[in-house]
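Colleague: Mind looking at a prediction? Sequence and model below.
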Amino acid sequence: MEKNQKLNLSPSRISDFQTCPQLYKYRSIEKLPERPGLDALRGSIVHLILENIFDLDKNLRTLENAQQKISETTEYFLNNDPNLFCALDQSIAFPNTNKFQTSKENMELLKKEISDLLTNYFKIENPKNINPKSREELIEYELTPEILLKGYVDRIDESEQGLIRINDYKTGKAPNENFVNKAMFQLKFYAYIIYQKVNKVPKSLRLIYLKDSQVLTYEPTSLDMQLTEKRILNIAQQISNAIKEDNFPATTSKLCDYCYFKKICPAYN
């Protein structure tokens with residue numbers, strides 16, 4: 001990244017920097033290739049199925065029809081990116097240049113896990129009763145001439161009265177109460193962009209956790225929008241300083257054991 005280049009910020013990039021500035025550098029500045037993870041692959045498949053189910057007529061938005069899309073959607077991802085086989089099988093070297101196939105057992109387990117997540121979604125809400133305003137929408141806002149905010153929102157609903165609800169699907173378990181605010185920041189980030197676009201604070205933010213069928217709901221206020229802007233500006237300044245000084249210290253934690261870049265991280269080498 002050039003030092004004078006516009007800073008693109010998304011919730012995931014902010015999370016990277018706050019987790020470990022060195023991780024942010026690897027992903028956002030050096031853009032190093034990274035072995036795909038199974039959780040990410042599973043999540044991508046579930047998200048696409050839930051996005052596409054709203055293309056169907058209301059009466060066809062059933063669990064059975066959603067589950068019938070599992071094989072087709074899984075094959076779509078794997079056929080378009082052979083590296084995703086690396087997420088299914090640790091014995092396959094990354095990058096995957098030979099289009100290895102994984103075992104039947106790995107595929108069946110993946111599909112079973114996806115089926116369970118879809119089953120849990122239908123326990124939470126009935127898509128027959130929902131008419132989304134948008135799905136997987138890219139929203140952007142130029143906070144300053146140097147800072148561009150952007151992100152993809154899983155689903156935005158709008159009532160007949162104009163009330164906006166932001167929904168985000170998570171394929172893991174709901175966090176304990178100590179981490180709820182951290183998890184909700186992503187949706188406050190989206191809410192802030194929408195607020196700047198339409199001059200209206202979204203009525204509701206929902207994190208939908210499919211692993212345990214839990215929903216975390218929050219009703220933001222104009223004060224939340226002010227505090228979110230302040231937080232984003234503060235983080236943007238920290239990142240800009242790190243880029244200017246080329247100073248991205250590694251923050252060690254238990255998460256390091258799951259980091260693909262540990263083998264090249266200065267904290268361990």
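Modeller: Noted; the coordinates are in hand.
Colleague: contacts, neighbours, all on C-alpha from now
Modeller: Fine.
Colleague: Which stretches in the stretch 1-150 of the chain count as helices?
Modeller: 11-19, 21-24, 38-52, 63-67, 70-80, 85-88, 104-124 (DSSP state H, counting those that start in this stretch).
Colleague: closest to Cys259 out of the ones you listed?
Modeller: Nearest to Cys259, of all those, is helix 21-24, at 8.6 Å by C-alpha to C-alpha.
Colleague: buried ones in that closest one?
Modeller: For helix 21-24, the neighbour count (16 or more other C-alpha atoms under 10 Å) marks 21-24 as buried.
Colleague: So for that helix, mean pLDDT?
Modeller: Averaged across helix 21-24, pLDDT comes to 98.
Colleague: packing partners for that helix?
Modeller: helix 11-19 (3 or more C-alpha pairs under 8 Å, 6 or more residues apart in numbering; DSSP states H and E).
Colleague: Strands of the chain, residue ranges please.
Modeller: Applying DSSP state E to the chain gives strands spanning 7-9, 134-144, 147-158, 164-170, 204-209, 214-218.
Colleague: can you redo the ones you listed as JSON lines with mean neighbour count and distance to Phe185?
Modeller: Converted to JSON lines, the strands of the chain look like this (neighbours: other C-alpha atoms under 10 Å; distance: least, C-alpha to C-alpha, whole Å):
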{"stretch": "strand 7-9", "mean neighbour count": "18", "distance to Phe185": "13"}
{"stretch": "strand 134-144", "mean neighbour count": "15", "distance to Phe185": "16"}
{"stretch": "strand 147-158", "mean neighbour count": "18", "distance to Phe185": "13"}
{"stretch": "strand 164-170", "mean neighbour count": "21", "distance to Phe185": "12"}
{"stretch": "strand 204-209", "mean neighbour count": "21", "distance to Phe185": "10"}
{"stretch": "strand 214-218", "mean neighbour count": "16", "distance to Phe185": "11"}
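Colleague: if we compare these, which one ends up closest to Ile114?
Modeller: It's strand 164-170; of the strands of the chain, that one is closest to Ile114 (C-alpha to C-alpha) at 12.3 Å.
Colleague: Partner strands of the closest one and their direction?
Modeller: For strand 164-170, the paired strands and their directions (DSSP bridges) read strand 147-158 (antiparallel), strand 204-209 (parallel).
Colleague: which stretch among the helices of the stretch 1-150 of the chain comes nearest Asp154?
Modeller: helix 38-52 (7.6 Å).
Colleague: how about the helices in the stretch 151-269 of the chain?
Modeller: 180-198, 222-245.
Colleague: Out of those helices, which is the most enclosed?
Modeller: Highest mean neighbour count of the helices of the stretch 151-269 of the chain: helix 180-198, a mean of 18 (counted as mean count of other C-alpha atoms under 10 Å).
Colleague: and that helix, C-alpha only, in CSV?
Modeller: Taking Å, rounded to 0.1, in the frame of the first residue of the first chain, the C-alpha atoms of helix 180-198 are listed here in CSV:
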residue,chain,number,x,y,z
VAL,A,180,-21.0,-9.1,22.7
ASN,A,181,-20.0,-5.5,22.2
LYS,A,182,-17.0,-6.6,20.1
ALA,A,183,-19.2,-8.8,17.9
MET,A,184,-21.8,-6.0,17.5
PHE,A,185,-19.3,-3.5,16.3
GLN,A,186,-19.4,-5.0,12.8
LEU,A,187,-23.1,-4.1,12.5
LYS,A,188,-22.7,-0.7,14.1
PHE,A,189,-20.1,-0.1,11.4
TYR,A,190,-22.7,-1.0,8.7
ALA,A,191,-25.4,1.0,10.5
TYR,A,192,-23.1,4.1,10.5
ILE,A,193,-22.6,3.9,6.7
ILE,A,194,-26.4,3.6,6.2
TYR,A,195,-27.0,6.4,8.6
GLN,A,196,-24.7,8.7,6.6
LYS,A,197,-26.4,7.6,3.4
VAL,A,198,-30.0,8.0,4.3
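Colleague: Can you give the contact residues for it?
Modeller: 11, 139-141, 149, 151, 153, 166, 168, 175, 200-202, 205-207, 220, 224-225, 228-229 (C-alpha atoms under 8 Å, 6 or more residues apart in numbering).
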